[in-house]
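**Student:** need coordinates for the below:
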Amino acid sequence: MRRVIRIKALQGLYTYFNNKAVNLDDIRQKVFDGLIENPNFYNATQKDKIGFQMLLPVLLDEAFESKLVVSELPENQRWLGILSQQAVADWNNENRKEFQRIQQGVLQDIHNQNATEVSFWSLLCALIQSVTDEEFRKQESYLNNSPSPSHELKISHHPFYSIINLALHPETGPQPFGLKPFGHEVVHRIYNGHFKELAEYKAYKAKKDVTELEQEEIWKVLYRKLFRSEIFNEVMSELDMHWSENRILLEVSLKSTFKELASGNVPVFVSKKEEEEEFISFFNILLTSTLENLEIDNQLMLEAIDNWEADRVAVLDKWIIHLSINELRQFPHIPVKVTMNEYLEIAKAYSTPGSASFINGVVDKIASLMKAEGKIKKSARGLMDNK
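**Tutor:** Model prediction:
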């Protein structure tokens with residue numbers, strides 16, 4: 001689960017800086033567009049108007065670089081300096097709002113994770129129920145039709161199916177909350193297109209007797225095929241605007257639940273408030289620290305890179321390095337090896353083929369330097385692996 005949060009932090013950084021650049025262009029354009037309506041400009045001579053138009057971009061550049069001193073400007077130009085400083089204030093305000101939107105989005109995604117998984121298993125159960133429903137309709141339609149052999153209907157008696165139903169419909173305690181239910185049309189389309197004609201399922205269906213291992217294997221096939229099916233992903237994209245990202249959260253949860261089923265345990269589909277708060281705190285600390293230490297860590301990165309310039313480092317590699325450094329800095333209970341391995345796996349999945357080895361070398365040098373300076377302090381007690 002922590003890896004998912006790290007990925008969301010990486011996505012958050014990427015989104016934040018992309019939108020920060022967009023906000024900068026928007027704010028600057030807004031100042032230029034509003035210039036002709038400003039009384040100081042409107043009442044000026046034509047010569048002064050031309051001068052103001054030429055001066056404004058210079059003052060904006062100085063303001064955004066924190067170099068502008070309004071009091072040092074000629075009196076008739078100070079209003080332009082004030083406009084430029086206000087633009088910086090507006091930009092910073094938009095960036096704060098963007099950061100809050102990213103935080104709220106992750107909070108909502110983590111909160112909805114449980115509901116998404118409930119919906120997924122409910123859909124799989126509906127597909128399995130369709131086997132029984134189809135048999136019933138066949139018997140209703142053809143009075144002289146003999147029932148299908150019992151072994152062909154055995155998926156409806158699958159032990160994992162029974163366990164999941166117990167989890168989805170507990171006799172006591174709170175009922176699991178899911179997202180919007182999947183309609184009959186969606187269930188019908190997936191059943192006919194991805195379930196009924198699935199080669200692995202047809203082979204399973206034809207066997208009169210199956211082993212425990214084969215029972216486990218068919219369940220794995222069914223849930224994975226459903227997770228990857230085009231129809232399911234289309235529906236989820238309509239329900240969840242962040243589906244391309246939250247799909248990773250669901251995949252992690254499904255793997256965990258499958259292990260529970262294989263062990264004979266009944267999963268508990270109830271949000272764990274303490275766990276949610278832990279992951280949200282991990283995300284917020286990681287992202288906030290990365291932004292606060294940006295300049296310091298840029299310098300560390302430059303010192304660790306041999307024969308490279310900062311602008312030649314791939315954007316994703318740069319953010320992965322920054323996140324690695326701040327996780328080392330901020331979380332004494334997570335071993336250095338765990339942090340480094342996690343970000344290397346993320347680099348392999350999301351960046352260029354040579355990124356992992358490059359990042360490993362850079363972060364290893366930085367970690368050694370930070371250790372020597374006492375900036376990485378891992379507690380001897382309470383060290384925990386990744387969850």
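**Student:** which element, helix or strand, includes the closest residue to residue 70 other than its chain neighbours?
**Tutor:** What sits nearest to residue 70 in space, not counting adjacent residues and going by Cβ to Cβ, 6 or more residues apart in numbering, is residue 81, at 3.7 Å. Bear in mind the C-beta positions are built from the backbone N, C-alpha and C, glycine included. Assigned by DSSP states H and E, residue 81 belongs to helix 78-141.
**Student:** list the buried residues of the helix or strand just after that helix.
**Tutor:** Sequence order places helix 159-168 as the next helix or strand after helix 78-141, per DSSP H and E. Neighbour counts using 16 or more other Cβ atoms under 10 Å place 160, 161, 163, 164, 165, 167, 168 of helix 159-168 among the buried residues.
**Student:** quick one: low-confidence parts of the stretch 51-200 of the chain?
**Tutor:** For the stretch 51-200 of the chain, applying pLDDT under 70 flags the ranges 142-144, 179.
**Student:** the same query, at a cut-off of 50, please.
**Tutor:** Applying pLDDT under 50 to the stretch 51-200 of the chain flags no residue at all.
**Student:** Serialize the buried residues of helix 159-168 to a markdown table and add fields for distance to residue 148.
**Tutor:** Listed next are these as a markdown table, based on distance: Cβ to Cβ, whole Å:
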| residue | distance to residue 148 |
| --- | --- |
| 160 | 21 |
| 161 | 18 |
| 163 | 24 |
| 164 | 23 |
| 165 | 22 |
| 167 | 28 |
| 168 | 26 |
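**Student:** of those residues, closest to residue 241?
**Tutor:** Using Cβ to Cβ, residue 168 comes nearest to residue 241 of the buried residues of helix 159-168, at 25.7 Å.
**Student:** quick one: contacts for the closest one?
**Tutor:** For residue 168, the contact set (Cβ atoms under 8 Å, 6 or more residues apart in numbering) comprises 118, 121, 122, 125, 176, 269.
**Student:** list the contacts of the fourth one.
**Tutor:** Put plainly, it is residue 125. Counting by Cβ under 8 Å, 6+ apart, residue 125 has contacts 161, 164, 165, 168.
**Student:** state the distance from it to residue 258.
**Tutor:** 15 Å (Cβ to Cβ, to the nearest Å).
**Student:** try the fifth one
**Tutor:** Computed as Cβ to Cβ, the residue 176 to residue 258 distance reads 17 Å.
**Student:** and the two? Which one has more around it.
**Tutor:** With neighbours defined as other Cβ atoms under 10 Å, residue 176 and residue 258 compare such that residue 176 has more, 21 against 17.
**Student:** what about residue 285, how many residues nearby?
**Tutor:** For residue 285, the neighbour count with other Cβ under 10 Å is 15.
**Student:** Three-state assignment for it, please.
**Tutor:** Put simply, residue 285 is helix when judged by DSSP: H, G, I helix; E, B strand; the rest coil.
**Student:** against residue 278, how distant is it?
**Tutor:** 11 Å.
**Student:** swap in residue 4?
**Tutor:** Going from residue 4 to residue 278 by Cβ to Cβ gives 13 Å.
**Student:** between the two, which is the more surrounded one?
**Tutor:** Neighbour totals were compared for residue 4 and residue 278, and residue 4 leads with 21 against 15 (other Cβ under 10 Å).
**Student:** for residue 73, see how far away that one is.
**Tutor:** Here the distance between residue 4 and residue 73 works out to 51 Å (Cβ to Cβ).
**Student:** ok, now residue 167?
**Tutor:** Separation of residue 167 from residue 73 (Cβ to Cβ): 69 Å.
**Student:** same thing with residue 218?
**Tutor:** Residue 218 is 76 Å from residue 73, where distance means Cβ to Cβ.
**Student:** next: residue 255.
**Tutor:** Residue 255 sits 62 Å away from residue 73, going by Cβ to Cβ.
**Student:** ok, these two, which is more surrounded?
**Tutor:** Between residue 255 and residue 73, counted using other Cβ under 10 Å, the more crowded position is residue 73 (17 against 12).
**Student:** out of everything not next to it in sequence, what's closest to the more buried one?
**Tutor:** Excluding the flanking residues, the one nearest residue 73 by Cβ to Cβ, 6+ apart is residue 81, at 4.9 Å.
**Student:** with residue 109 instead?
**Tutor:** Excluding the flanking residues, the one nearest residue 109 by Cβ to Cβ, 6+ apart is residue 246, at 5.2 Å.
**Student:** next, the buried residues of stretch 187-200.
**Tutor:** In stretch 187-200, counting by 16+ other Cβ under 10 Å, buried: 187, 189, 190, 191, 194, 195, 198.
**Student:** typo on my end, it should be stretch 282-297
**Tutor:** 282, 283, 284, 286, 287, 289, 290, 291, 293, 297.
**Student:** picking up where we left off before, so the residue nearest to residue 70 sits right up against residue 67, yeah?
**Tutor:** No. Using Cβ atoms under 8 Å, residue 81 makes no contact with residue 67, being 11.4 Å away.
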